[in-house]
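# Build me a model:
(one chain, ligands or ions: 1)
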Amino acid sequence: MVFARTDPDTAGTARGISAFLVEAGTSGLFVGPRDKKMGQAGAWTAEVVLDEVRVSTDALVGAEGAGFRTAMKSLARGRLHVAALCVGLADRILEETAQAAATIRQGGRAIGEFQLVQAHLAESEAELYAGRAMVLEAARAYDAGEDMTPAPSSAKLFCSEMLGRVADRGVQVHGGMGYMRSVPVERFYRDARLFRIYEGTSDPETDHRPAAAGRRGGLRRTSWSCWRGGPPSSPEGRPGSGWRSRAPSPRTVPRS
Ligand SMILES: Cc1cc2nc3c(=O)[nH]c(=O)nc-3n(C[C@H](O)[C@H](O)[C@H](O)COP(=O)(O)OP(=O)(O)OC[C@H]3O[C@@H](n4cnc5c(N)ncnc54)[C@H](O)[C@@H]3O)c2cc1C
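Take a look at the predicted model:
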């Protein structure tokens, strides 16, 4: 699937982009060598080069100029998918971690008897439970057509970050063995890292969530483009806040 700008007058905007299905073997389409990645070796990726590729109008997917909307729609679905994958992988990592806690012994006791190791397991269990509940609810709302964007995006954000924490604790509980290629959590730790990157990185996702939450409280976003030279330091624009209070509307001014 290739997205291309078909209306040059719309440069710099989300409009005027169309989606095309370009068949493998089309003249001018080249696939580069497989990428050498940190993890997820089973799903190979490669650079795709398009050099003067020409396709007929039959290759158009959806309406001309509606490509960006199509991309955003499939991205929302993909985010739900990624969130569910994160829950599955976190579940397997917790399984491996619990087994390690039961079998690794120190001072004549299984390390799972130590309270801090139990805390690692308990935190992962609770976060996994929250992630699973979130995916199920987000999928229900998506299927019912009630929430096609914020819920998948929130589920992807939470579950990918949750997986990162669960994977980190998993390696920690395994001790030095957790760093060895011979144990599954070492690979899972590397595989897990990608979920915070693809289908949209966590940072813009985090960036959009407070926007939605802030609107509930009557806040409006400041323009972040003014931060290019560094975030402002005034109390009104604290680094990381990006928020300013709106002047209170007459309705919200308390009566004296
Ligand atoms: C193994 C792999 C497989 C992939 N598979 C696919 C695929 O199948 N289909 C597909 O379409 N793409 C795929 N991607 C691409 C992937 O979705 C992008 O790499 C990812 O969305 C990040 O985009 P970028 O690399 O352009 O980074 P950039 O967007 O340039 O981000 C660079 C940094 O800036 C931060 N940033 C960017 N925007 C903001 C913002 N608004 N606020 C705060 N911080 C921000 C990011 O968080 C990041 O830290 C794949 C990538 C990898 C590594």
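
# could you give me the average pLDDT of stretch 89-108?
The average pLDDT within stretch 89-108 is 98.

# can you check stretch 193-206 too?
Mean pLDDT, computed over stretch 193-206, is 89.

# So that stretch, near the ligand or not?
Yes - against the ligand, stretch 193-206 shows contacts by C-beta under 6 Å from any ligand atom at L194, I197, Y198, E199, G200, T201, D203, P204. C-beta coordinates here come from the backbone N, C-alpha and C atoms, glycine included.

# Just these: which are in helices?
D203, P204 (DSSP state H).

# Domains in this protein, by residue range?
The chain breaks down by automatic domain parsing into domains covering 2-61, 71-209.

# quick one on the thing from earlier: of the residues of stretch 193-206 next to the ligand, which is the most crowded?
In terms of neighbours by other C-beta atoms under 10 Å, these top out with E199 at 23 neighbours.

# E113: what's it in contact with?
Counting by C-beta atoms under 8 Å, 6 or more residues apart in numbering, E113 touches no other residue.

# other SSEs contacting the helix or strand Q118 falls within?
Q118 is part of helix 115-143 when elements are defined by DSSP states H and E. Where contact means 3 or more C-beta pairs under 8 Å, 6 or more residues apart in numbering; DSSP states H and E, helix 115-143 is packed against helix 67-103, helix 150-174.

# Against which helices or strands is the first one packed?
If you count contacts as 3+ C-beta pairs under 8 Å, 6+ apart, helix 67-103 packs onto strand 2-5, strand 17-20, strand 109-110, helix 115-143, helix 150-174, helix 184-193.

# Any residue of the first one touching the ligand?
If I follow you right, that is strand 2-5. No - in terms of C-beta under 6 Å from any ligand atom, no part of strand 2-5 sits within range of the ligand; the closest distance is 8.8 Å.

# contacting residues around that strand?
With contact meaning C-beta under 8 Å, 6+ apart, strand 2-5 is reached by 11, 16-22, 50, 53, 67-68, 71.

# Alright, I will stop here.
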